[in-house]
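A.B. asks: Fold the stuff below for me.
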Amino acid sequence: QVQLVESGGGLVHPGGSLTLSCALSQNIMSGNAIGWYRQAPPGKERELVARVMAYGMTIYEDSVKGRFTISRDDSANTVQLLMDYVQVEDTGTYYCNVVPSSLGTGWGQGTQVHVYS
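C.D. replies: Have a look, this model is predicted:
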């Protein structure tokens, strides 16, 4: 059963692009703001980098503004994060979850992004 399943991570050079995808259970996605969180290095608290409200408004953390684009498809219960012009500092494990995450029921496995020169 789908709860939170992230995919799309990988290795990329600075300036490149990646698209992350998240499949969510309908009960998690419906009516909730959904965000992408980054954890780097492992064990550090997850940082919210982008969120999309239930009605579509998007908010970005300053370091990714203008480079990342978050979108949601409620008919498919998916949320995507388009990462353009990636930087070494974008390296980490990316997770999707409701915003705030304290309203969620746990975390998925995440998907790893490694930006290297």
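A.B. asks: who touches Glu61 in this structure?
C.D. replies: Glu61 is in contact with 47-50, counting by Cβ atoms under 8 Å, 6 or more residues apart in numbering. From N, CA and C alone the C-beta is placed, and that goes for glycine too.
A.B. asks: What of Asp73?
C.D. replies: 79-80.
A.B. asks: Same question for the one 10 residues further on.
C.D. replies: Taking Cβ under 8 Å, 6+ apart as the definition of contact, the neighbours of Met83 are 17-20, 64, 67-68, 90, 113.
A.B. asks: if we can go back for a sec, generate a markdown table for the contacts of Glu61, with neighbour count as supplementary columns.
C.D. replies: Listed next are those as a markdown table, based on neighbours: other Cβ atoms under 10 Å:
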| residue | neighbour count |
| --- | --- |
| Glu47 | 13 |
| Leu48 | 17 |
| Val49 | 23 |
| Ala50 | 26 |
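A.B. asks: Could you identify the most distant pair in these?
C.D. replies: Farthest apart among the contacts of Glu61 by Cβ to Cβ are Glu47 and Ala50. That separation is 10.5 Å.
A.B. asks: could you pull out the strands for this protein?
C.D. replies: 4-7, 10-12, 18-24, 34-39, 47-52, 58-60, 68-73, 78-83, 92-98, 111-115 (DSSP state E).
A.B. asks: okay if I get those strands as CSV plus distance to Gly104?
C.D. replies: Listed next are those as CSV, based on distance: least, Cβ to Cβ, whole Å:
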stretch, distance to Gly104
strand 4-7, 8
strand 10-12, 25
strand 18-24, 10
strand 34-39, 10
strand 47-52, 12
strand 58-60, 18
strand 68-73, 16
strand 78-83, 13
strand 92-98, 5
strand 111-115, 17
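A.B. asks: gap between the helix or strand bottoming out on mean pLDDT in the chain and the chain center?
C.D. replies: Scoring the helices and strands of the chain by mean pLDDT, DSSP states H and E places helix 26-29 at the bottom, with a mean of 91. In terms of Cα atoms, centre = their mean, to the nearest Å, the centre of helix 26-29 is found 16 Å from the chain centre.
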